[in-house]
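> When you get a sec, could you give me coordinates for this:
(one chain, ligands or ions: 1)
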Amino acid sequence: MDTNFQGLEKIPKHVALIMDGNGRWAQERGLSRIEGHKEGAQSVRAVLRAAAQAGVEYITVYAFSTENWKRPPAEIDGLMKLLVHSLNEYEQELHDNHIRLLVMGQFERLPLPVRIRLQKTIDATAHYTDHTFIIALSYGSRTEIADAAKAIAEKVKSGEMKLKEVNEQAISNHLYLPEIPDPELMIRTSGELRLSNFLLWQLSYAEFYITEDYWPDFREEQFFHALEAFNGRDRRYGGVNKK
Ligand code: FPP
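Numbering: from 1, shown residues only. Presented below is the predicted three-dimensional model:
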């Protein structure tokens with residue numbers, strides 16, 4: 001397996017991941033969906049390690065969308081329990097690699113034990129500056145943008161902001177994590193060509209990498225291939241090629 005991250009010329013500062021295909025991975029093996037999610041949690045761990053090794057500063061994973069609340073209660077409960085279990089498993093690794101944990105989404109909608117467990121790790125890793133691991137939980141991009149618009153409208157109404165100050169930067173500043181740079185690379189597994197309400201604003205200029213692999217099969221080697229593909233892209237941000 002050749003995963004010489006040091007040999008890559010460009011390393012994206014921020015990589016966002018839509019982890020799709022856990023259910024299909026499990027189904028193909030005659031296992032329960034939650035077994036697929038469990039194996040998927042191991043992929044999260046592998047990607048975190050590989051990203052730290054490669055020098056990627058920010059990793060954002062879409063672990064639970066606002067739409068995922070519509071799944072059967074047993075699956076939701078299994079996912080929440082898996083999240084707590086995974087945090088227990090990863091915690092040491094976060095410390096070893098100096099990774100700070102952040103959460104984006106409707107934190108207050110999560111069950112109390114999950115919030116308590118998340119907050120414990122968020123607090124324990126808050127001082128790390130090398131790497132940041134962001135878990136999108138009960139996250140929906142349209143809600144995030146609508147909330148930003150509402151917050152800005154309130155400020156304009158109260159006189160705290162002027163109408164002419166409402167611009168792209170102002171919207172960015174009112175999203176859940178305004179200090180985090182936009183992702184440069186978005187990876188989606190299991191071949192789906194959709195954004196599924198994930199970081200609609202922040203992914204405006206990101207390169208997309210779609211792989212047929214199911215998320216539980218996406219490990220260090222697959223992450224390396226995604227970074228290799230990113231290296232082959234010509235990013236012009238709407239301008240012309242200077243070559
Ligand atoms: C999508 O696959 C996956 C999810 C909705 C959950 C992702 C969660 C994990 C990988 C668990 C651990 C996460 C962390 C951060 C520790 P799917 O169920 O939609 O698969 P399908 O499309 O094949 O049905």
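
> going forward, measure contacts between C-alpha atoms and count neighbours the same way
Will do.

> other SSEs contacting the lengthiest helix in the chain?
Using DSSP state H, we find that the single longest helix of the chain is helix 73-96. Here helix 73-96 touches helix 33-54, helix 112-125, going by 3 or more C-alpha pairs under 8 Å, 6 or more residues apart in numbering; DSSP states H and E.

> Figure out which of those helices is closest to the ligand.
The ligand lies closest to helix 33-54 among the helices and strands packed on helix 73-96, at 4.0 Å (C-alpha to the nearest ligand atom).

> Show me the strands paired with the following helix or strand past the closest one, marking each as parallel or antiparallel.
Downstream of helix 33-54, the first helix or strand assigned by DSSP states H and E is strand 58-65. Its sheet considered, strand 58-65 pairs with strand 14-18 (parallel), strand 131-139 (parallel) by DSSP bridges.

> quick one: strand 58-65 near the ligand?
Yes - counting by C-alpha under 6 Å from any ligand atom, the ligand is contacted by strand 58-65 at 63-64.

> before we move on, the earlier item: tell me the angle of the helix or strand following the longest helix of the chain relative to strand 131-139?
The helix or strand immediately downstream of helix 73-96 is strand 99-104, counting by DSSP H and E. Relative orientation of strand 99-104 and strand 131-139, computed by axes from the mean of the first three to the mean of the last three C-alpha atoms, to 10 degrees: 20 degrees.

> Listing partners with orientation, what would you give for strand 99-104?
With DSSP bridges as the test, strand 99-104 pairs up with strand 131-139 (parallel).

> Now tell me what touches stretch 12-28 from outside.
If you take C-alpha atoms under 8 Å, 6 or more residues apart in numbering as the criterion, stretch 12-28 is touched by 32-37, 39-40, 55-63, 181-190, 214-216, 227, 230.

> re the thing from before, nearest to Leu79, of the strands paired with strand 58-65?
strand 131-139 (10.9 Å; C-alpha to C-alpha).

> before we move on, the earlier item: would you format the strands paired with strand 58-65 as JSON lines with mean pLDDT and mean neighbour count included?
Below are those laid out as JSON lines (pLDDT from 0 to 100; neighbours: other C-alpha atoms under 10 Å):
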{"stretch": "strand 14-18", "mean pLDDT": "98", "mean neighbour count": "24"}
{"stretch": "strand 131-139", "mean pLDDT": "98", "mean neighbour count": "22"}
